[in-house]
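Trainee: Pasting the sequence and the predicted coordinates here, then a few questions.
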Amino acid sequence: MNIHRVSVEETQQLMSDGTLTILDIRDEQSYAEGHLPDAIHIKEINIDDFIENQDKDQGLLLYCYHGHSSISAAGYFAEKGFRLCYSMDGGYEAWPPPVSGSKAQ
């Protein structure tokens with residue numbers, strides 16, 4: 001299987017490439033409260049459709065809350081034929097918040 005654990009910094013580099021599909025495997029509320037740019041919220045109801053219709057040669061980056069569940073999820077997608085799967089170490093908790101132009105009050 002082609003599964004790679006990557007840091008947040010490596011994730012940012014991969015994302016700048018523009019050829020990565022990003023999957024958020026957290027719950028609906030957590031996704032709604034914030035997620036990585038362009039992340040697709042993958043859940044049981046849409047996973048089969050995603051697997052059937054996604055280009056399996058394009059890299060997948062998966063992340064969860066803390067980086068533990070995304071490792072096994074990456075393995076699942078690799079078993080389904082995806083050639084390159086990444087799991088982001090630290091999960092969304094490690095992701096830096098967006099930089100805003102205003103100072104916190």
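Mentor: Okay, I see it. Everything numeric in this text was worked out from a predicted model, so none of it was measured.

Trainee: C-alpha from now on. contacts and neighbour counts both.
Mentor: Fine.

Trainee: So which residues of this protein form helices?
Mentor: 8-17, 28-33, 47-53, 69-79, 91-94 (DSSP state H).

Trainee: got any ranges where the protein has weak pLDDT?
Mentor: 1, 97-105 (pLDDT under 70).

Trainee: what's the residue closest to the geometric middle of it?
Mentor: What sits nearest the mean C-alpha location of the chain, by C-alpha atoms, centre = their mean, is Leu62, with 2.8 Å.

Trainee: Need the residues that contact stretch 34-54.
Mentor: Residues outside stretch 34-54 that contact it (C-alpha atoms under 8 Å, 6 or more residues apart in numbering): Thr21, Ile22, Leu23, Asp24, Ile25, Arg26, Glu28, Tyr31, Phe77, Lys80, Tyr92, Trp95.

Trainee: Make TSV out of the residues you listed and add neighbour count and distance to Ile45.
Mentor: Below are those laid out as TSV (neighbours: other C-alpha atoms under 10 Å; distance: C-alpha to C-alpha, whole Å):
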residue	neighbour count	distance to Ile45
Thr21	17	18
Ile22	22	17
Leu23	23	14
Asp24	24	14
Ile25	21	12
Arg26	22	13
Glu28	12	12
Tyr31	18	15
Phe77	20	15
Lys80	12	17
Tyr92	22	22
Trp95	19	26
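
Trainee: shouldn't the residue nearest to the centre of the chain be in contact with Ile22?
Mentor: Yes. With contact defined as C-alpha atoms under 8 Å, Leu62 reaches Ile22; the gap is 6.0 Å.
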